[in-house]
Each structure stands twice: as C-alpha cells, then as structure tokens.
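**Student:** sharing a sequence plus its predicted fold:
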Amino acid sequence: MRPLVCSASGSTTLAMGFSIMPDRSTSPVLQPVTIGDLPLKNRIVMAPLTRSRSDDAGVPPPYAADYYAQRADAGLIVTEAINISPQAIGYALTPGIWTDQQVEAWQPIVQAVHDRGGSFFLQLWHTGRISHPDLQDGALPVAPSAIKPVGQAFTKDGMKDHVTPRALETDEIPLIVEDYRRAAANAKAAGFDGVEVHSANNYLLEQFVRDSTNKRDDRYGGSIENRLRFPLEVVDAVVSVWGANRVGIRLSPATTMPGETPLDSAVMETFGTYVDALSARGLLYIHDIEGVTQLTREAPDDVDFPALRRRFSGAYIANNQYTLDLAEQVLEKGDADLFSMGRPFIANPDLIERLRHGAPLAEAPKQYWYGGGSVGYSDWPPMRPITPAG
Ligand SMILES: Cc1cc2nc3c(=O)[nH]c(=O)nc-3n(C[C@H](O)[C@H](O)[C@H](O)COP(=O)(O)O)c2cc1C
C-alpha cells in the first residue's frame with residue numbers, strides 16, 4: 001500500500017508525517033449492505049449535523065452541495081435538522097423545508113449527492129420549547145406544557161435564556177401534524193431518498209413522549225399511549241407520503257438534554273412501547289443515540305439499547321462516539337446494523353476513505369461548527385495519496 005499523509009486543513013495542521021497505515025478495507029462495517037429496499041455503500045451513516053449556514057429565510061447556501069457531496073461515500077447521509085415550519089425554528093440560521101424557495105435550494109444539493117452515488121435522508125425538525133421569542137417573531141415557543149427548559153437559545157443576537165413556552169391547544173396539534181406532512185412532501189419534491197423524523201434530544205416530539213415535559217390532561221397527555229399519540233400521528237402522516245420503508249426516526253432514550261434529569265419516570269416502559277408501535281408500522285430504521293449526544297455513552301442502568309433494538313423489526317442505527325473499532329465489536333455482537341458518526345465527518349470529508357486506510361482523523365475546532373460560510377465547512381481537504389519526495 002502507498003504511504004498516505006493528511007494535508008493541513010483550515011487553521012488546524014495535522015503533523016503526522018509519513019507512516020504506513022493499517023488496511024481496514026475488509027472491515028465488515030465498510031462493506032455494502034441493504035436495509036429494507038435501500039442499498040447502501042457501507043454501514044457508516046453521516047449523523048445529522050446542524051451547521052447554521054442558512055439565510056434568514058431558511059434557505060441553505062449553494063456551497064452546501066459541495067459539503068454534502070464531499071461526504072457522499074457514507075452509506076447514508078442524514079441532513080442537518082430541517083425546520084418543518086416557522087414555528088419549528090429554535091436556532092438561528094437553520095434551514096427549512098416549508099417554502100418553494102427552500103425546496104428549490106435543496107434540489108441541487110440532493111442532486112450533487114446523487115451524482116456521487118450517495119443516499120440522502122432529510123431530518124424533519126420541530127424544536128418546540130427549545131426556542132426563543134426572537135426566533136418566533138416575538139411569540140412564545142410552543143410545547144406540550146408550559147415548562148421552561150434550562151439553558152439558552154442560539155439567536156441572531158447571541159445566546160438568550162429560554163423562556164416559559166405556551167402549552168399547545170388540543171386543536172392546534174393536528175395542524176402541526178399537517179406541517180410534518182407538507183414538509184415530508186416537500187422533501188420528496190426536493191429529491192431526497194427518504195426522511196428521518198427527529199424525535200430525540202428533547203425537541204417537540206420527545207417533549208410529548210416524556211412525562212416530565214408533558215403534563216397535559218387531554219388525549220395527548222397522561223398515559224404512555226396518550227403521550228405517544230402525537231409523535232405517532234406525525235409518523236403516520238410522514239409514512240402516508242413516503243411509505244414506511246423510506247422513513248426512519250431518531251430516538252434518545254437516555255438523554256438528559258437540555259440539562260434536566262430525570263426526564264422520564266419509566267424510560268424503558270415508555271420507549272419500549274414507542275419502539276413496539278414504530279416496529280408495527282414497519283419503519284425503515286430507528287436511529288438511537290446511546291447515552292447523551294456528544295457527552296457520554298453512559299446511560300442509566302435500566303436503559304437497555306440492545307433490548308430496544310430486539311423489539312424493532314427494521315434496521316438499528318447506533319450513534320454516539322462510535323469509532324470503527326467499536327462499530328466492528330457491536331456489529332459482531334449483533335447489536336446494531338448501521339453506525340452513525342457526527343463530529344468525525346465535520347473535518348474529514350473523505351471519512352470513509354480514511355477509515356479504510358486506518359488514517360488519522362482531522363478535528364474541527366468548535367468555532368467552525370455553527371455559523372459562518374464555506375470556511376471550516378466545505379473546504380476541508382481530503383487525505384491525498386502522495387509519493388514521498390526524496
Ligand atoms: C455540530 C453538531 C450539530 C448537530 N446537529 C444535530 C442535528 O441537527 N440533529 C440531530 O439529531 N443531532 C445533531 N447533533 C448530534 C449528532 O448527530 C450526534 O448525535 C453527536 O455528534 C454524537 O455523535 P458523534 O460522537 O459521532 O459525534 C449534532 C452534533 C454536533 C456536534
């Protein structure tokens with residue numbers, strides 16, 4: 001094998017020099033696989049990554065086509081979270097999928113990924129109470145119940161404390177289900193291969209699921225069945241557009257986001273019932289954040305991810321701090337089908353190639369994660385095979 005080096009990227013310099021790197025190209029994680037009727041190049045998924053580079057109208061920039069296409073060697077790419085409506089917005093400069101202009105902006109981005117043979121799902125997002133009046137034309141964010149989250153919202157004027165949201169009226173909830181349906185149809189018009197419903201990290205759907213954030217006394221609150229009613233109505237609406245074999249869902253049974261704990265008095269009972277209902281609908285995959293996203297893979301003793309995986313008939317995407325080694329171990333045990341990686345994709349557009357060669361990974365400084373332009377976003381150089389000089 002030829003020696004490989006990584007080139008310097010942005011302001012980070014990788015000084016690894018020349019070294020022979022292990023050949024991992026035969027790793028079972030890096031072989032093609034088919035989930036449902038969807039053939040994938042390998043078992044690595046690019047996890048959804050909000051990068052806050054859209055304009056005030058929720059329109060993604062043209063250079064997002066470069067960014068996503070550069071990463072199209074992933075088995076599957078899930079987009080950054082995309083707002084289904086203006087009411088869904090909880091972070092400045094995040095993209096949307098409710099206007100024609102947004103759909104038209106996504107079309108060439110999807111095309112660029114397809115041109116490189118990639119598979120591309122759009123993540124459907126409503127942030128609920130994790131928002132701020134500045135992002136809602138002065139209106140209060142909405143939630144199942146008027147319970148203020150801890151922490152701050154990312155607004156155009158910087159970080160601002162969250163506020164106490166407004167509890168949704170019962171007859172407003174079907175309108176949000178329709179927002180999801182329209183967004184799912186728009187995702188289809190933009191050319192995506194499927195959609196992922198964001199029901200994780202304490203955004204609106206999970207706010208309904210959890211008994212600490214849902215204190216409603218109508219048909220959308222109280223029993224587990226009632227708390228799951230709205231998320232499952234959303235899933236059904238999205239499935240009515242796509243068919244269940246092109247719909248996945250993101251779950252985070254062990255999350256403590258936005259910083260509160262405990263979020264649920266009976267996590268496994270709640271999520272076991274949820275997963276059973278998703279399985280009965282024949283969804284393509286569940287995308288499970290194991291532990292707390294980015295922070296830890298630790299979960300309370302009673303949260304059993306393999307048990308949830310066994311209750312689900314479709315594919316299981318595991319996420320959180322995965323390396324190729326860990327993915328191989330978990331695949332060998334039969335505890336997951338696919339593995340999503342988030343942060344490693346930021347500074348490694350050719351992550352799959354680097355994994356195949358056992359090459360070192362570049363790290364993106366946090367200043368590039370959210371906001372800005374193409375710098376630190378679509379300009380990370382790929383690793384290049386070179387012949388050592390002299
Ligand atoms: C910059 C950044 C943005 C993220 N945006 C999203 C998002 O839009 N939707 C989502 O479900 N998760 C989001 N996440 C969480 C990641 O999808 C993933 O769960 C997390 O990074 C852990 O995976 P990793 O250890 O491979 O990075 C984000 C994480 C980061 C670092």
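**Tutor:** On my side now, so go ahead.
**Student:** C-alpha only now, for contacts and for neighbours.
**Tutor:** Will do.
**Student:** got the residue ranges for the helices in the stretch 201-350 of the chain?
**Tutor:** Taking DSSP state H, counting those that start in this stretch to define them, one finds helices in the stretch 201-350 of the chain at 204-209, 224-242, 267-280, 305-310, 324-333, 343-347.
**Student:** closest one to the ligand among the ones you listed?
**Tutor:** Ranking the helices of the stretch 201-350 of the chain by proximity to the ligand (C-alpha to the nearest ligand atom) places helix 343-347 first, at 3.7 Å.
**Student:** after that closest one comes which helix or strand?
**Tutor:** helix 351-356 (DSSP states H and E).
**Student:** that older thread, any chance of JSON lines for the helices of the stretch 201-350 of the chain, columns distance to Arg182, mean pLDDT and mean neighbour count?
**Tutor:** Shown next, in JSON lines, are the helices of the stretch 201-350 of the chain (distance: least, C-alpha to C-alpha, whole Å; pLDDT from 0 to 100; neighbours: other C-alpha atoms under 10 Å):
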{"stretch": "helix 204-209", "distance to Arg182": "17", "mean pLDDT": "98", "mean neighbour count": "27"}
{"stretch": "helix 224-242", "distance to Arg182": "9", "mean pLDDT": "98", "mean neighbour count": "20"}
{"stretch": "helix 267-280", "distance to Arg182": "21", "mean pLDDT": "97", "mean neighbour count": "19"}
{"stretch": "helix 305-310", "distance to Arg182": "30", "mean pLDDT": "96", "mean neighbour count": "18"}
{"stretch": "helix 324-333", "distance to Arg182": "36", "mean pLDDT": "98", "mean neighbour count": "16"}
{"stretch": "helix 343-347", "distance to Arg182": "30", "mean pLDDT": "98", "mean neighbour count": "22"}
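**Student:** could the ones you listed go into TSV alongside distance to the ligand?
**Tutor:** TSV is the format used below for the helices of the stretch 201-350 of the chain (distance: least, C-alpha to the nearest ligand atom, whole Å):
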stretch	distance to the ligand
helix 204-209	12
helix 224-242	16
helix 267-280	17
helix 305-310	15
helix 324-333	11
helix 343-347	4
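**Student:** got those helices as CSV, with distance to Glu298 columns?
**Tutor:** Formatted as CSV, the helices of the stretch 201-350 of the chain follow (distance: least, C-alpha to C-alpha, whole Å):
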stretch, distance to Glu298
helix 204-209, 20
helix 224-242, 25
helix 267-280, 15
helix 305-310, 11
helix 324-333, 15
helix 343-347, 18
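**Student:** assumed Pro108 was part of a helix.
**Tutor:** Yes - per DSSP: H, G, I helix; E, B strand; the rest coil, Pro108 lies within a helix segment.
**Student:** can you get me a residue count around it?
**Tutor:** Here the number of neighbours of Pro108 (other C-alpha atoms under 10 Å) works out to 16.
**Student:** could you do the one 4 residues further on as well?
**Tutor:** For Ala112, the neighbour count with other C-alpha under 10 Å is 20.
**Student:** my guess is it contacts Tyr67. True?
**Tutor:** No - if you go by C-alpha atoms under 8 Å, Ala112 and Tyr67 don't touch, sitting 9.6 Å apart.
**Student:** give me the low-pLDDT residue ranges for the chain?
**Tutor:** 1-19, 384-390 (pLDDT under 70).
**Student:** spatially central residue for it, please.
**Tutor:** Centroid-nearest residue in the chain, with C-alpha atoms, centre = their mean: Pro48, separated by 3.1 Å.
**Student:** ok, the closest residue to that one other than its chain neighbours - contacts?
**Tutor:** For Pro48, ignoring the flanking residues on the chain, the nearest one in space by C-alpha to C-alpha, 6 or more residues apart in numbering is Glu80 at 4.4 Å. Glu80 makes contact with 48-51, 122-123, according to C-alpha atoms under 8 Å, 6 or more residues apart in numbering.
**Student:** kindly identify which of those also come near the ligand.
**Tutor:** 48-51 (C-alpha under 6 Å from any ligand atom).
**Student:** which residues of the stretch 51-200 of the chain lie near the ligand?
**Tutor:** Within the stretch 51-200 of the chain, the positions lying close to the ligand (C-alpha under 6 Å from any ligand atom) are 51, 80-81.
**Student:** circling back to that earlier point, double-check that the residue nearest to Pro48 belongs to a strand.
**Tutor:** Yes - counting by three-state DSSP, Glu80 is found in a strand.
**Student:** quick one: distance of stretch 67-86 to the chain centre.
**Tutor:** Distance of stretch 67-86 from its chain centroid, counting by C-alpha atoms, centre = their mean, to the nearest Å, is 8 Å.
**Student:** quick one on the thing from earlier: what helix or strand does the residue nearest to the centre of the chain sit in?
**Tutor:** Using DSSP H and E, Pro48 falls within no helix or strand.
**Student:** I'd guessed it sits against Phe345; true?
**Tutor:** No - using C-alpha under 8 Å as the test, Pro48 is too far from Phe345 to be in contact (10.1 Å).
**Student:** burial count for Gly334?
**Tutor:** Neighbours of Gly334 under the rule other C-alpha under 10 Å: 12.
**Student:** now it: how far from Leu38?
**Tutor:** Gly334 sits 20 Å away from Leu38, taking C-alpha to C-alpha, to the nearest Å as the criterion.
**Student:** all helices for the stretch 51-200 of the chain, in order.
**Tutor:** Using DSSP H, counting those that start in this stretch, helices in the stretch 51-200 of the chain cover 64-70, 100-115, 173-190.
**Student:** ok, Ala244 - contacts?
**Tutor:** Applying C-alpha under 8 Å, 6+ apart to Ala244 gives the contacts 281-284.
**Student:** of those - the most surrounded one?
**Tutor:** Neighbour tally across those (other C-alpha under 10 Å): the maximum, 27 neighbours, falls on Leu284.
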